[in-house]
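Participant: Got a sequence here, can you model it:
(one chain, ligands or ions: 1)
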Amino acid sequence: MTKKLVIANWKMNPASGKEAETLFTDVENGLTLLKKTEVIICVPFLYLNILKSANRQTKKIILGAQNVFYEEKGAFTGEISPLMLDNLGIKYVILGHSERRALGETNLDINKKIKSALSFGLIPIVCVGDKERDENHEYFNFVKIQVEECLNGVKKDLLGKIIIAYEPVWALSTTEGRKDATPVDSREMVIFIRKILTDKFGVNTKLPRIIYGGSVNEKNALEFLTNGGVEGVLVGGASLNPEKFLEIISIAEKI
Ligand code: PEP
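Facilitator: A predicted model of the protein is given here:
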């Protein structure tokens, strides 16, 4: 049985290493032995080392990063390489988050990062998602282009290692004038993404796991996990609250 994924995206939070340790420990202490769920917490680069060297990385929680550059080393001021993450023992990395795309990251950049991350044995959590819904259903095409361009040239045998996070930007907790997405919205898009992948890579290819992200909380997690067609959830805002995040994990564990 494949485990359900509950992935936290702390984004640019919290404000200090001390607070990061407290938040991490609060979640860790609240966890019982998990049999059916994999918990990954993606933290700012600065805290990866703190949380690792404080020996917080137990078997209960896996640490992840929120971005990585595609080059291995050299004159790339301000960047972090996949080799550095690998050397630190980090396995998961969020790529192509809509907040990074809003800062100018393109599908081509993300594609290079995915291929480079995979070559170092990292597992990319690739975010895709429509910015808005339109009556003509153009948003399907928008996601199709993201999926195709981001995964261009990925080796067939590595495709199954990837996790795709379907995150409709209009449903994120931080989007102004946001709307709630439903599990049906999620399921529909998951089926569509699987079709794109099968068309592109062939029917006999192991496909990525697909998860949903966008204002997931302790109240709607069950609905998304049971009816959203996904194998897990990506949690932003609610992951900064240990009680809420623990509740989401316990919901996933009970399914
Ligand atoms: C995210 O931005 O990755 C996310 C899931 O955010 P939120 O849960 O706060 O909508």
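
Participant: which residues sit in contact with whatever residue of the stretch 101-250 of the chain ends up closest to the ligand?
Facilitator: Residue nearest to the ligand within the stretch 101-250 of the chain (CB to the nearest ligand atom): residue 236, separated by 2.1 Å. C-beta: built from backbone N, CA, C; applies to glycine. Residues in contact with residue 236, defined by CB atoms under 8 Å, 6 or more residues apart in numbering, are 8, 9, 11, 172, 173, 174, 213, 215.

Participant: Can you lay out the residues you listed as JSON lines showing distance to residue 89?
Facilitator: Listed next are the contacts of residue 236 as JSON lines, based on distance: CB to CB, whole Å:
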{"residue": "8", "distance to residue 89": "18"}
{"residue": "9", "distance to residue 89": "20"}
{"residue": "11", "distance to residue 89": "22"}
{"residue": "172", "distance to residue 89": "30"}
{"residue": "173", "distance to residue 89": "30"}
{"residue": "174", "distance to residue 89": "30"}
{"residue": "213", "distance to residue 89": "25"}
{"residue": "215", "distance to residue 89": "31"}
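
Participant: ok, which residues in the stretch 151-255 of the chain are in contact with the ligand?
Facilitator: Residues of the stretch 151-255 of the chain lying close to the ligand (CB under 6 Å from any ligand atom) are 167, 172, 173, 174, 213, 214, 215, 216, 234, 235, 236, 237.

Participant: Buried ones among these?
Facilitator: Among these, the ones that count as buried by 16 or more other CB atoms under 10 Å are 167, 172, 213, 214, 215, 216, 234, 235, 236, 237.

Participant: contact partners of the lengthiest helix in the chain?
Facilitator: In the chain, assigned by DSSP state H, the helix with the most residues is helix 183-201. Here helix 183-201 makes contact (CB under 8 Å, 6+ apart) with 128, 140, 143-144, 147-148, 151, 156, 159, 164, 166, 168, 171, 205, 207-208, 210, 212, 223-224, 226-230.

Participant: Of those residues, which belong to strands?
Facilitator: The strands, defined by DSSP state E, take in 128, 164, 166, 210, 212 from those.

Participant: Tell me who's in contact with the first one.
Facilitator: Spelled out, that is residue 128. 96, 143, 146, 147, 150, 164, 165, 166, 167, 193 are the contacts of residue 128 under CB under 8 Å, 6+ apart.

Participant: please redo it, this time with the cut-off set to 10 Å
Facilitator: 96, 98, 101, 107, 110, 142-147, 149-151, 164-168, 189, 193, 196, 210 (CB atoms under 10 Å, 6 or more residues apart in numbering).

Participant: same check, this time on the fourth one
Facilitator: Remark: with contacts taken as CB under 10 Å, 6+ apart, residue 210 is in contact with 5, 126, 128, 162-166, 186, 189-191, 193-194, 197, 228-232.

Participant: again, but for the second one
Facilitator: Applying CB under 10 Å, 6+ apart to residue 164 gives the contacts 96, 124-128, 146-147, 150-151, 190, 193-194, 197, 207-211, 230-231.

Participant: any chance of the ones in strands among the contacts of helix 183-201 in JSON lines, plus distance to residue 25 and pLDDT?
Facilitator: Output for the ones in strands among the contacts of helix 183-201, formatted as JSON lines (distance: CB to CB, whole Å; pLDDT from 0 to 100):
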{"residue": "128", "distance to residue 25": "33", "pLDDT": "98"}
{"residue": "164", "distance to residue 25": "30", "pLDDT": "98"}
{"residue": "166", "distance to residue 25": "31", "pLDDT": "98"}
{"residue": "210", "distance to residue 25": "31", "pLDDT": "98"}
{"residue": "212", "distance to residue 25": "27", "pLDDT": "98"}
